[in-house]
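[1] Sequence first, predicted model second:
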Amino acid sequence: MHGLTSVFVALASVLVGVTGAASQERDPPHAPSTAPEVVIIPTLGNDHQFNLDYTVIDLMAVLDAISPGALVMADYTEWLHADCIWWATLPEHHAALAFAREKAVPIWGTLTRPPTAAYDQSVEWVKRYHEMYPDVQAFREDARTVLDRNTARIAREYTFNPQPQTLERLIETGFAARAAEWTSAQRDAIASAAQQTVDSLIQIITSNPQHRRWAVILQWKGTLEVEELLRRSQKVRYRAVSQFLAGTDRALEKRTDAKHLAWVLSGVLDEWYGMWAPQTFPAERIAGFLARLKELAPDDPTTQFTEARWLMRNRDWEGAESILARLVEDAGDARFTFPLNGKWIRPPWISVRDKSKLNLALVYDVQGERDKALTLYAELLELGDRLNAEARAAGYIYDDIRHVIESYTRVPYTGWPEEAYRHFPETTGIPVCDPQPPTPGNQW
């Protein structure tokens, strides 16, 4: 797991070259009043799943309040124009693309297209990864370190933090406090990446002068540098996102609908860290989100599945079984109402019926009904390539969900934290949305 974490960091810096941090509120001294406005929205990456005070609901409300004429985010333009996200694990990228579709707002990436060698590099990385972790036993030591460290951080920074970590509070104090811990080497790397980001932004904005207000979605670890460079630019007029936060209340109420509530709940009930330490996440707040979802859409298959996952989290296997069995029977072609979020949602399938079938098999295993569980695993394995098609982590790297289900046929699911270890295998593939698919010479 150590290797997987580092490769995403490395790919982020090398292939996209973009970073994010805190906002300040003074107008740039040199930008003419006629210059297009630029608003930087600092985001949290996967922490949007864990910080219930700054979720995708809050991010969408901020975008509503800004009402941009165009969007930019740290991805590849050619992919975004094909409704394809390279960084498929990041909730804010799915939110930004969903907003662009909904509002018919044009969207750009900070770079145009992936390097031509990206697919071959992915295949080589997965090969090295499996040499490092040939089986689950080899994976356990590094994985335990990552799981313990990250669940402890989530609990400390969000769940048990006495100060709600809203975007406003993060801008005021949170981001600066975290940035104070950076080494000089980290600061130098962030400054270099910030310059690349600003160069890209200026080129995109000045090439499209018809759009007068731009919202830029960037992870927080460097936006302070990006903002400072934009303030000094005479080609754009920087505006702090904090100037728009007072206008988010009405938008927040509107965005707290069934679709977005289910999306938030999926990030805390149906993901990797929750397998390891469900106590990390705030049960009372999760229950409140679920109660509201049931009020808004009680009969929706997405709501019912989410309730089953809540019951599984609380080890109410019989209650979960009743709901899941009904969904397997009746859900038909129902699809989840929120965007898939790559690696961390387990597994990231859009079919309510397929996910219900897998979770029903897990419930059967826990209750000792092994034959019933094996029947459902076998039915799922018949789906073949569909099992991995939606499990994209980044670019051409996928989670190997088929391997995980095959492991259930050999060793029953237990429902205990060690289940997180099963989810180590990676593979490669070419997403159907890739606008210029490579010709693979080999594949994992």
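    Right, received. Where do you want to start? Numbers count the residues shown, from 1 in each chain.
[2] Please give me every residue in contact with the residue nearest to R101 when sequence neighbours are not counted.
    Excluding its sequence neighbours, the residue lying closest to R101 (CB to CB, 6 or more residues apart in numbering) is D83, at 7.5 Å. C-beta: built from backbone N, CA, C; applies to glycine. Contacts for D83 (CB atoms under 8 Å, 6 or more residues apart in numbering) come out as 97, 101, 433.
[3] Are we agreed that D83 is in a helix?
    No: read with DSSP: H, G, I helix; E, B strand; the rest coil, D83 is coil and lies in no helix.
[4] Map the structural domains onto the sequence of this protein.
    2-119+156-248, 257-428 (automatic domain parsing).
[5] Switch the ones you listed over to a markdown table; also include distance to D142.
    Shown next, in a markdown table, are these (distance: least, CB to CB, whole Å):
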| stretch | distance to D142 |
| --- | --- |
| domain 2-119+156-248 | 4 |
| domain 257-428 | 9 |
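[6] So for V146, which of those sits nearest?
    Between V146 and the domains of the chain, the shortest gap by CB to CB is with domain 2-119+156-248, which sits at 6.4 Å.
[7] I'd like to know which of the contacts of D83 are buried.
    Neighbour counting by 16 or more other CB atoms under 10 Å classes L97 among the contacts of D83 as buried.
[8] Let me know the closest of the contacts of D83 to I171.
    Closest approach between these and I171, by CB to CB: L97, at 23.8 Å.
[9] wait, what's in contact with the closest one?
    80, 83, 85, 107, 339.
[10] Go through the contacts of D83 and name the one nearest Y238.
    For these, the closest approach to Y238 (CB to CB) belongs to L97, at 24.0 Å.
[11] In what element of secondary structure is the closest one found?
    Element membership for L97, per DSSP states H and E: helix 91-103.
[12] can you give me the angle the helix or strand just after that helix makes with helix 91-103?
    Following helix 91-103 in sequence order, the next helix or strand is strand 107-111 (DSSP H and E). Here strand 107-111 runs at an angle of 140 degrees relative to helix 91-103 (axes from the mean of the first three to the mean of the last three CA atoms, to 10 degrees).
[13] what's in contact with strand 107-111?
    Contacts of strand 107-111 (CB under 8 Å, 6+ apart): 15-18, 70-81, 86, 96-97, 100, 197, 200-201, 204.
[14] got it, and stretch 196-214?
    17-19, 36-39, 66-72, 74, 106, 108, 110-111, 216, 218, 222, 226, 229-230, 233, 235-236.
[15] Would you mind identifying the next helix or strand past the helix ranked longest in the chain?
    As assigned by DSSP state H, the longest helix anywhere in the chain is helix 184-206. Tracing the chain C-terminally past helix 184-206 and defining elements by DSSP H and E, one meets strand 213-219 next.
[16] Let's see that next one as PDB, backbone CA atoms only.
    What follows is strand 213-219, C-alpha atoms only, in PDB (Å, rounded to 0.1, in the frame of the first residue of the first chain):
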ATOM      1  CA  ARG A 213     -15.500  34.500 -14.200                       C
ATOM      2  CA  TRP A 214     -13.600  31.300 -13.700                       C
ATOM      3  CA  ALA A 215     -13.700  28.900 -10.900                       C
ATOM      4  CA  VAL A 216     -10.500  26.800 -10.400                       C
ATOM      5  CA  ILE A 217     -10.700  23.500  -8.400                       C
ATOM      6  CA  LEU A 218      -7.300  22.800  -6.800                       C
ATOM      7  CA  GLN A 219      -6.200  20.600  -3.900                       C
END
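[17] Okay, now the sheet partners of that strand, with direction.
    When pairing is defined by DSSP bridges, strand 213-219 lines up against strand 37-43 (parallel), strand 70-76 (parallel).
[18] Mind checking the ones you listed for the one nearest to Y364?
    Comparing the strands paired with strand 213-219 by CB to CB, strand 37-43 comes nearest, at 39.2 Å.
[19] what's the angle from the closest one to helix 184-206?
    On the basis of the same axes, to 10 degrees, strand 37-43 is oriented at 140 degrees to helix 184-206.
[20] Residue ranges in the stretch 101-250 of the chain under the pLDDT threshold?
    Within the stretch 101-250 of the chain, no range satisfies pLDDT under 70.
[21] mind redoing it with 90?
    Applying pLDDT under 90 to the stretch 101-250 of the chain picks out residues 136, 141, 222, 224, 247.
[22] which of the contacts of D83 lies closest to R353?
    C433 (23.0 Å).
[23] distance of the closest residue to that closest one other than its chain neighbours from P162?
    Leaving out its chain neighbours, the residue that sits closest to C433 by CB to CB, 6+ apart is C84, at 3.5 Å. To P162, C84 is 41 Å away according to CB to CB, to the nearest Å.
[24] So for those two, which sits in the more crowded spot?
    The neighbour count for C84 versus P162, taken as other CB atoms under 10 Å, is higher for C84 (18 against 4).
[25] Kindly confirm whether my reading is correct that the more buried one touches I430.
    No: contact between C84 and I430 fails when scored by CB atoms under 8 Å: they sit 10.9 Å apart.
[26] hang on, the earlier thing: confidence score at the residue nearest to R101?
    Predicted confidence (pLDDT) for D83: 94.
[27] Look at T19 and report its pLDDT.
    36.
[28] just to revisit the earlier point, nearest to D135, out of the domains of the chain?
    Of the domains of the chain, nearest to D135 by CB to CB is domain 257-428, at 8.7 Å.
[29] residue ranges for the strands of the chain, please.
    Using DSSP state E, the strands assigned to the chain run over residues 37-43, 70-76, 107-111, 213-219, 237-239, 392-394, 397-399, 426-428.
[30] Go through those and pick out the most buried.
    strand 397-399 (a mean of 27; mean count of other CB atoms under 10 Å).
[31] Wait, R255 touches V62, no?
    No: checked against CB under 8 Å, the pair R255 and V62 is beyond contact range at 9.8 Å.
[32] between those two, which one's more packed in?
    Counting neighbours by other CB under 10 Å for R255 and for V62 shows that V62 has the greater number, 26 against 21.
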